[in-house]
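Undergrad: no sequence on this one, just coordinates:
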């Protein structure tokens with residue numbers, strides 16, 4: 001299964017929308033270089049599909065990659081069906097899916113605007129096994145679990 005990266009997003013502070021920076025470096029055991037969430041033990045990198053963002057757009061919201069605090073926005077992959085432990089390859093980078101969705105303790109602005117949010121249900125998290133550069137346009141390959 002293959003898809004592509006449509007955005008690479010970072011933020012300097014937690015609790016804010018991320019900005020699409022187009023490219024960045026993934027650091028092994030840490031996450032996206034320069035991102036406020038780097039270093040979280042099992043949630044080093046967050047991924048959300050553009051298709052999920054489109055669902056929120058269809059609800060009338062003006063949302064874009066990074067607005068859900070995801071680091072990598074993908075296209076062409078159904079992320080929440082990937083089992084924990086699945087390996088994802090982006091060039092020389094290797095990620096391992098570590099969590100599907102997340103508990104939302106305090107609802108975000110998007111939830112209050114639409115009454116729903118896709119990140120808690122459709123976003124995934126991964127740890128960085130092998131680091132390197134990632135950029136919008138890069139191919140993402142889901143490795144078969146054997």
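TA: Received, thanks. Keep in mind it's a predicted model, so treat the numbers as computed, not measured.
Undergrad: rest of the way, CA atoms for contacts and neighbours
TA: OK.
Undergrad: okay, now residue 59: neighbour count?
TA: 12 (other Cα atoms under 10 Å).
Undergrad: quick one, phi psi at it?
TA: When read as degrees, to the nearest 10, the backbone of residue 59 gives phi -90, psi 0.
Undergrad: do you know how far it is from residue 68?
TA: 15 Å (Cα to Cα, to the nearest Å).
Undergrad: got a list of what residue 79 touches?
TA: Residue 79 makes contact with 47-49, 122-124, according to Cα atoms under 8 Å, 6 or more residues apart in numbering.
Undergrad: The same query, at a cut-off of 10 Å, please.
TA: The contact partners of residue 79, taken as Cα atoms under 10 Å, 6 or more residues apart in numbering, are 47-49, 52, 97, 100-101, 122-125, 142.
Undergrad: Reformat the residues you listed as JSON lines; add pLDDT.
TA: Below are the contacts of residue 79 laid out as JSON lines (pLDDT from 0 to 100):
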{"residue": "47", "pLDDT": "95"}
{"residue": "48", "pLDDT": "94"}
{"residue": "49", "pLDDT": "94"}
{"residue": "52", "pLDDT": "89"}
{"residue": "97", "pLDDT": "95"}
{"residue": "100", "pLDDT": "84"}
{"residue": "101", "pLDDT": "71"}
{"residue": "122", "pLDDT": "82"}
{"residue": "123", "pLDDT": "87"}
{"residue": "124", "pLDDT": "92"}
{"residue": "125", "pLDDT": "92"}
{"residue": "142", "pLDDT": "96"}
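Undergrad: most surrounded residue in the residues you listed?
TA: When these are compared by neighbour count (other Cα under 10 Å), residue 48 ends up highest, at 29 neighbours.
Undergrad: Tell me the bridge partners for it.
TA: Beta-bridge partners for residue 48, by DSSP bridges, are residue 73.
Undergrad: number of nearby residues for residue 64?
TA: Neighbours around residue 64, by other Cα under 10 Å: 18.
Undergrad: The protein: strands as residue ranges?
TA: Using DSSP state E, the strands of the chain run over residues 2-10, 19-20, 23-27, 31-32, 45-49, 72-75, 87-90, 93-100, 124-130, 132-135, 139-142.
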